[in-house]
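Enquirer: just to be clear, the model below is a prediction. Sequence and coordinates:
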Amino acid sequence: MELQSLIYLFVGISFSVYIGIAVWARAGSTKEFYIAGGGVHPVANGMATAADWMSAASFISLAGIIAFKGSDGGAYLMGWTGGYVLLALLLAPYLRKFGKFTVPDFVGDRYYSDLARTVAVVAVIFISFTYVAGQMRGVGIVFSRFLEVDVNTGVMLGMGIVFIYSVLGGMKGITYTQVAQYVVMIFAFTVPAIFLSIQVTDTFLPQLGLFSQTAFAFDDGVRSIPQGTYLMHALDQAVNDLGFNNYTEPGSVFNMFMLTVVLMAGTAGLPHVIVRFFTVPKVKDARISAGWALVFIAIMYTTIASVAAFSRVNLISNVQNVEYKAFVSGEVIRPDGTINNGSWFKTWEEGGLLAWNDRNGDGKIQYANGTAFDGPKGKPAFDGEARGINGQRLTTNAKGAPTETELKANNGVANEIYVDRDIMVLANPEIANLPAWVIALMAAGGLAAALSTAAGLLLVISASISHDLFGQVLMKDKKTGKSTLTEKNELRLARGAAVVAILVAGYLGINPPGFVAQVVAFAFGLAAASFFPVIILGIFDKRMNKEGAISGMIVGLTFTFAYIVYFVFLGGAKEDYLFGIAPTGIGTLGMVLHFVVAYFVSRATPPPPAEIQAIVENIRVPSGAGAAIDH
Amino acid sequence: MDAEKAQAYWKENIRTILSLLVVWFVVSLGAGVLFIEQLNAIEISGVKLGFWFAQQGAIYAFVILIFVYVHKMGKIDEKYGVDE
């Protein structure tokens, strides 16, 4: 079958499965809508958590980021997995014992304050929307690349699917859809990785491919690297020849430390992840469920480091010094007789994520350190549909002939291409000439990754609006302290809120704010500086009171927010960084400030009431978790 | 459960968590960040050890840590009769 029909087939089948599950697992009560009725098996919950967690960013972008960053990319791998240890040991079991529906529920009840609850609701909504915008962009990229529809239609299709299963099924529908989505996404990620591993290193397991030797000799443009060189040596040698830092060379230890900590604490503090542990029956299940979640995540994450290394080697060996015209029309033959088909280069160039500027006029592609275009981060500005003599797209900001210093720095090779990091994973199967069904699987996997995360986030947003904001603050009976909403009305409100959230997310996907990439720092920084400390203190410090919690949250949030806004959006200079901390890692300091402020304020104010202290005593003991209590 | 027993249970719980968190810190922020350069001096099949911890090794350790935690807590729960 042809590639395009295969893609339609794979995406079509996976979408029908998701919708089928949604119809089967409709939510009939608020309890089913918010926490899937609380009866999800720990392994199923682990799988759903993994799908919820691994977003378009993990699936599409992460390997690409590491391929270009090398050693420092480890911060993401450790951060986005190490957070689960914190979650399992410090948060999940206690929150399950506490037994409510949402994160603001815990904050509001434990700190006996509607102000604390409201601050938490605002933080949940902000963090989740930031995240959702990125997912919708991911959906758009995959759709526009693989289904030959334009990005807007793609985003709307994605919204439609999410709409059906989250509005109809709530947490129950989402949980079981996510189990299916996990299966799709893990196959889509590991199958091409295994192919790549065999191709580049002759090793079956990608995880071990890192320790293997190259299966072919390749020319990096400066020297030929013989077959049988250790993969990492080959990579270090090649990038070093081309003027980059060594792939395995760490950068600033301090900033990597700060970034890793913020990603770990942020992971443990993200509301859409925490809420997953409310869905299992017992405290014991919450613990083991976090373990299963990490097993499922680790299958993909331990593959990522290898995929990153393979794709960088593949990129260099396939594009260096090949003649553009012959390459994109599939006429370049490798020394071993196989075809080096560059049609992928053309496709992504048409999509605007790749560009070539023949600076030395030799008609061949060169890849090295440095930029070939004058835009920010070396991005090309395409000149409409104008074409050069080789058929390449022209730009308005192409740099001229290479300078002496440039050539000297990179051993005589001047960079002529721009490669967007987001295309590495999606382009891998094509770069490696893998069978068409692998590429089709990739498309279905990318969509599963983006949609599963988007659905989880949208649910958290709708629950915090209907349950926390309306049920617990706005519509609360002042005398009884109970929500005046009936069960039926709250369910309606939750569905309505989900619809609004999907529309806003879709808008953000179609008109992506130019700063999507930067705002990810926000989500993790804010979660690390707000939810992570406030929940830890609520469990482990019985003396913590509402004054301490509220002041801690406000100080942590404002500090982190202001720092990121100043340095990322208002053009603050690098030289002014506080202790040299990059904005991506500032949440770590925000978290420390939160802990310190909360401690001192709570010790200077009266202790929490006796019944609150009794709640804390109670959540520390696992027995008697029972079902989640409605208000 | 009486207050004294609850306190003993909590103490043992904290001790377990802390000992596991020490390992958690050592394999990730220790081996993969703070001491990455020192460990990079050791190389196995072309892969530098510090680099490996940061990109793969820490993740394996994390998985093991959670299952050890589940096992240990199960035992403690049983000892204090708070398991279900």
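Expert: That came in fine, so what should we check first? Given the structure is predicted, the values throughout are model-derived calculations rather than measurements.
Enquirer: was I right about A:Ala455 contacting A:Ser166?
Expert: Yes: applying C-beta atoms under 8 Å as the test, A:Ala455 and A:Ser166 come out as touching, 4.7 Å apart. In short, each C-beta sits where N, CA and C put it, glycine included.
Enquirer: who has more neighbours out of those two?
Expert: Here A:Ala455 and A:Ser166 are compared on neighbour count by other C-beta atoms under 10 Å in any protein chain shown; more neighbours surround A:Ala455, at 33 against 29.
Enquirer: quick check: that one vs chain B, distance?
Expert: In this view, A:Ala455 and chain B are 25 Å apart by C-beta to the nearest C-beta, to the nearest Å.
Enquirer: tell me where chain B has strands.
Expert: With DSSP state E applied, chain B shows strands at B:43-44, B:47-48, listed in chain order.
Enquirer: CSV please, covering those and showing mean pLDDT, distance to chain A and mean neighbour count.
Expert: Putting these into CSV (pLDDT from 0 to 100; distance: least, C-beta to the nearest C-beta, whole Å; neighbours: other C-beta atoms under 10 Å in any protein chain shown) gives the following:
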stretch, mean pLDDT, distance to chain A, mean neighbour count
strand B:43-44, 90, 7, 13
strand B:47-48, 92, 5, 24
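Enquirer: identify the contacts common to A:Ala455 and A:Ser166.
Expert: By the contact definition C-beta atoms under 8 Å, 6 or more residues apart in numbering or on different chains, A:Ala455 and A:Ser166 are jointly contacted by A:Ile174.
Enquirer: please list all residues in contact with the most centrally placed residue in chain B.
Expert: Nearest to the mean C-alpha position of chain B, counting by C-alpha atoms, centre = their mean, stands B:Leu20 at 3.3 Å. Shown here is B:Leu20, whose contacts under the criterion C-beta under 8 Å, 6+ apart are A:Val85, A:Leu89, B:Leu65, B:Val68, B:Tyr69, B:Lys72.
Enquirer: picking up where we left off before, out of the strands of chain B, which is closest to A:Thr605?
Expert: strand B:47-48 (50.8 Å; C-beta to C-beta).
Enquirer: quick one: residues in contact with that closest one.
Expert: Residues outside strand B:47-48 that contact it (C-beta under 8 Å, 6+ apart) are A:Leu210, A:Phe211, A:Tyr230, A:Met232, A:Thr248, B:Leu39, B:Asn40, B:Ala41, B:Ile42.
Enquirer: tell me the buried residues within those.
Expert: When burial is judged by neighbour count using 16 or more other C-beta atoms under 10 Å in any protein chain shown, the buried members of the contacts of strand B:47-48 are A:Leu210, A:Phe211, A:Tyr230, A:Met232, A:Thr248, B:Leu39, B:Asn40.
Enquirer: give me the residues contacting stretch A:533-545.
Expert: For stretch A:533-545, contacts defined as C-beta under 8 Å, 6+ apart pick out A:90-91, A:94-95, A:103, A:106-107, A:110-111, A:120, A:269, A:274, A:548-549, A:552-553, A:556, A:591, A:594-595, A:598-599, A:602-603, A:605-608, A:613, A:616-617, A:619-620.
Enquirer: among the residues you listed, name the ones in strands.
Expert: Cross-referencing these with the strands (criterion: DSSP E) gives no overlap at all.
Enquirer: narrow those to those that are buried.
Expert: If you count burial by 16+ other C-beta under 10 Å, the buried members of the contacts of stretch A:533-545 come out as A:90-91, A:94-95, A:103, A:106-107, A:110-111, A:120, A:269, A:274, A:548-549, A:552-553, A:556, A:591, A:594-595, A:598-599, A:602, A:608, A:616, A:619-620.
Enquirer: for whichever residue of the stretch 301-450 of chain A sits closest to chain B, helix, strand, or coil?
Expert: Closest residue of the stretch 301-450 of chain A to chain B, C-beta to the nearest C-beta: A:Ala305 (3.7 Å). Reduced to three states with DSSP: H, G, I helix; E, B strand; the rest coil, the structure at A:Ala305 is helix.
Enquirer: wait, A:Arg508 touches A:Phe129, no?
Expert: Quick fix: residue A:508 reads Leu, not Arg. Yes: counting by C-beta under 8 Å, A:Phe129 is a contact partner of A:Leu508 at 7.3 Å.
Enquirer: the buried ones among the contacts of strand B:47-48: which two are farthest apart?
Expert: Taking C-beta to C-beta as the measure, the buried ones among the contacts of strand B:47-48 span a maximum distance of 17.4 Å, between A:Tyr230 and B:Leu39.
Enquirer: number of residues surrounding B:Lys11?
Expert: B:Lys11 has 10 neighbouring residues, counting by other C-beta under 10 Å.
Enquirer: with A:Glu323 instead?
Expert: Close neighbours of A:Glu323, defined as other C-beta under 10 Å, add up to 15.
Enquirer: from A:Phe33, how far out is it?
Expert: Taking C-beta to C-beta, to the nearest Å as the criterion, A:Glu323 is separated from A:Phe33 by 59 Å.
Enquirer: with A:Thr403 instead?
Expert: Taking C-beta to C-beta as the criterion, A:Thr403 is separated from A:Phe33 by 62 Å.
Enquirer: same check on A:Val167?
Expert: With the distance defined as C-beta to C-beta, A:Val167 ends up 10 Å from A:Phe33.
Enquirer: more crowded one of the two?
Expert: Under the neighbour definition other C-beta under 10 Å, A:Val167 and A:Phe33 were set side by side, and A:Phe33 has more, 31 against 24.
Enquirer: the more buried one in helix, strand or coil?
Expert: Under three-state DSSP, A:Phe33 falls in the helix class.
Enquirer: since that was my last question, I'll sign off now.
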